[in-house]
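> Next comes the sequence, and after it the predicted model I'd like to discuss.
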Amino acid sequence: MVEMELGRDFMRALKQIETEKGLPLEVIISSIEAALVSAYKKYKGTNSNVEVELDSDNGIIKIYEVKEVVDTVRNPAFEISVEEAKSMGLDDAKEGEMIKVEVSPRDFGRIAVQTARQVITQRLKDAERQIIYNDFSGKVGEIVTGVVFRDEGGQALVRIGDKIDAMLPREERIPTESYRPGDRKKFYVLDVRKTSKGPRIVLSRSHPGLLKSLLELEVPEIKEGVIDIKNIAREAGVRSKVAVTTLDPNVDPVGACIGTKGNRIKAISDELAGERIDVIIWSNDPIAYIKNALSPAKVVKIEPRLDEDKAVNVYVRPDQLSLAIGKGGQNVRLAAKLTGWKIDINVMEPDRLPTLQDLFEDIIKGELPKEWEKE
């Protein structure tokens with residue numbers, strides 16, 4: 001019986017592939033075995049049961065046809081007689097058993113080896129894609145750093161690391177931001193899917209999760225759980241609102257997020273193409289929460305609407321109207337999105353300014369005017 005041998009040099013090459021591709025040697029060996037099964041079947045023009053064993057130490061390959069021991073052979077590709085099995089030294093062969101018959105493809109030839117090489121390449125590529133998929137499917141919801149290498153038809157292509165390509169669809173871009181080849185940016189991993197061409201990794205620059213992750217990177221108190229981000233409303237590249245809270249009375253959650261001289265929030269804003277970020281205090285009291293969410297506008301009064309669920313009328317002084325509404329309605333729109341309440345902004349005319357009775361009711365509720373709190 002003549003054995004096929006790939007040799008020790010070949011095995012060293014496999015180990016090099018293991019190092020360069022980051023694939024376990026077991027995966028590579030099984031890929032080669034599957035390739036040789038395919039090549040042998042093509043060479044023989046048969047669909048018989050074939051097994052291949054590759055010795056990872058010396059590169060020796062053994063090929064077996066798996067056959068059933070029968071009394072009368074009707075299909076030689078799948079069956080072997082008791083007599084033939086015994087003539088091969090398998091004296092214990094019994095009818096009904098499955099045995100492995102080693103074959104020696106002396107003239108396996110160049111075509112078969114070429115076919116095996118092609119399948120090996122494909123198997124290695126598939127295994128590599130699977131590793132990338134497994135790695136990135138666990139990164140959905142996280143941020144990664146990538147370099148833009150192409151922008152075509154509104155869709156930017158991004159390279160992560162040395163060889164992983166991802167896509168940034170038009171709808172996930174920051175509208176005010178350009179994407180030039182060579183630009184290095186942080187991206188939110190939105191989705192990872194399997195396709196016939198490998199993993200399809202979809203990134204985002206507009207998702208609120210990107211802002212949340214950047215805050216976690218810049219503000220240690222968030223990462224440590226001292227400060228909790230309750231909600232984010234975002235219009236990418238322009239403005240966003242972040243509601244935060246803390247159980248530690250010694251921590252100012254807004255101040256911690258903004259940082260000394262605004263350094264923390266500025267670093268995040270710079271990463272997001274100059275996006276303005278309002279950080280406000282979250283409250284389980286909807287009225288207080290809405291009031292905070294409309295910051296920096298100063299609210300005079302908030303009244304729940306009885307004719308509509310989760311809706312309020314907000315009253316501001318005339319000089320605060322444009323601030324409360326914001327450019328193009330942005331401030332009130334983001335506040336509504338952040339709180340989950342419908343907010344109608346109204347001007348409180350001078351004759352409708354708070355009375356002493358209103359102020360007394362606010363004192364009873366513990367809602368002192370901010371001017372009083374500072375004194």
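Happy to help now that I have it. Nothing here was measured: the structure is a model prediction, and the numbers come from that model.
> Tell me where the model's unsure across the stretch 51-200 of the chain.
The stretch 51-200 of the chain contains residues with pLDDT under 70 at 105-113, 115-116.
> 90 instead, please
For the stretch 51-200 of the chain, the stretches flagged by pLDDT under 90 are 51-138, 151-155, 161-164, 194-198.
> What is the distance between the host helix or strand of Glu20 and the centre of its chain?
Element membership for Glu20, per DSSP states H and E: helix 8-21. Centroid separation between helix 8-21 and its chain, computed with Cα atoms, centre = their mean, to the nearest Å, is 31 Å.
> Find the nearest non-adjacent residue to Glu51, please.
Tyr64 (4.6 Å; Cβ to Cβ, 6 or more residues apart in numbering). C-beta here means a position set from N, CA and C on the backbone, and glycine is covered the same way.
> my read is the one you found is in a strand, agree?
Yes - under DSSP: H, G, I helix; E, B strand; the rest coil, Tyr64 sits within a strand.
> got the angle between whichever helix or strand Gln114 is part of and helix 8-21?
Using DSSP H and E, Gln114 sits in helix 109-137. Computed by axes from the mean of the first three to the mean of the last three Cα atoms, to 10 degrees, the angle separating helix 109-137 from helix 8-21 equals 20 degrees.
> hmm, back to that, separation between the residue nearest to Glu51 and Met88?
12 Å (Cβ to Cβ, to the nearest Å).
> More neighbours: those two, which one.
Tyr64 (16 against 13; other Cβ atoms under 10 Å).
> tell me the contacts of the more buried one?
50-53, 100-103 (Cβ atoms under 8 Å, 6 or more residues apart in numbering).
> Between Tyr64 and Met88, which contacts overlap?
In contact with both Tyr64 and Met88: Val101, using Cβ under 8 Å, 6+ apart.
> Sketch out the low-pLDDT regions of the stretch 201-350 of the chain for me.
Using pLDDT under 90, the stretch 201-350 of the chain drops low at 306-307, 348-350.
> The most centrally placed residue in the chain: what secondary structure?
The centroid of the chain falls nearest to Val140 when counting by Cα atoms, centre = their mean (2.1 Å). Secondary structure state of Val140, per three-state DSSP, is coil.
> Leaving out sequence neighbours, find the closest residue to it.
The nearest residue in space to Val140 (Cβ to Cβ, 6+ apart) is Val189, at 5.2 Å.
> name the helices or strands packed onto whichever strand or helix holds that neighbour?
Assessed by DSSP H and E, Val189 sits inside strand 184-195. In terms of contacts (3 or more Cβ pairs under 8 Å, 6 or more residues apart in numbering; DSSP states H and E), strand 184-195 is packed against helix 109-137, strand 143-152, strand 198-204, helix 208-218.
> Mind splitting the protein into its structural domains?
According to automatic domain parsing, the chain comprises the domains 4-136, 140-204, 208-282, 294-375.
> what comes up buried for whatever helix or strand Ile232 lives in?
Counting by DSSP H and E, the element that carries Ile232 is strand 227-235. Using 16 or more other Cβ atoms under 10 Å as the test for burial, strand 227-235 gives 227, 229, 231-235.
> what's the neighbour count on Thr260?
As a burial measure, Thr260 scores 7 neighbours (other Cβ under 10 Å).
> Equivalent analysis for Gly59, please.
Taking other Cβ under 10 Å as the criterion, the count of residues near Gly59 is 19.
> correct me, but it touches Lys15?
No - judged on Cβ atoms under 8 Å, Gly59 makes no contact with Lys15 at a distance of 11.4 Å.
> circling back to that earlier point, quick one: contacts of the strand holding Val189?
Residues outside strand 184-195 that contact it (Cβ under 8 Å, 6+ apart) are 133, 136-137, 139-148, 158, 166, 168, 172, 199-205, 207, 209-210, 213-214, 271.
> repeat that for 7 Å
133, 136-137, 139-147, 158, 168, 172, 199-205, 207, 209-210, 213-214, 271 (Cβ atoms under 7 Å, 6 or more residues apart in numbering).
> Provide a PyMOL selection command restricted to the buried entries of the residues you listed.
The PyMOL selection below is limited to those of those classed as buried (16+ other Cβ under 10 Å):
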select buried, resi 133+136+143+144+146+158+168+172+199+201+202+203+204+205+207+209+210+213+214+271
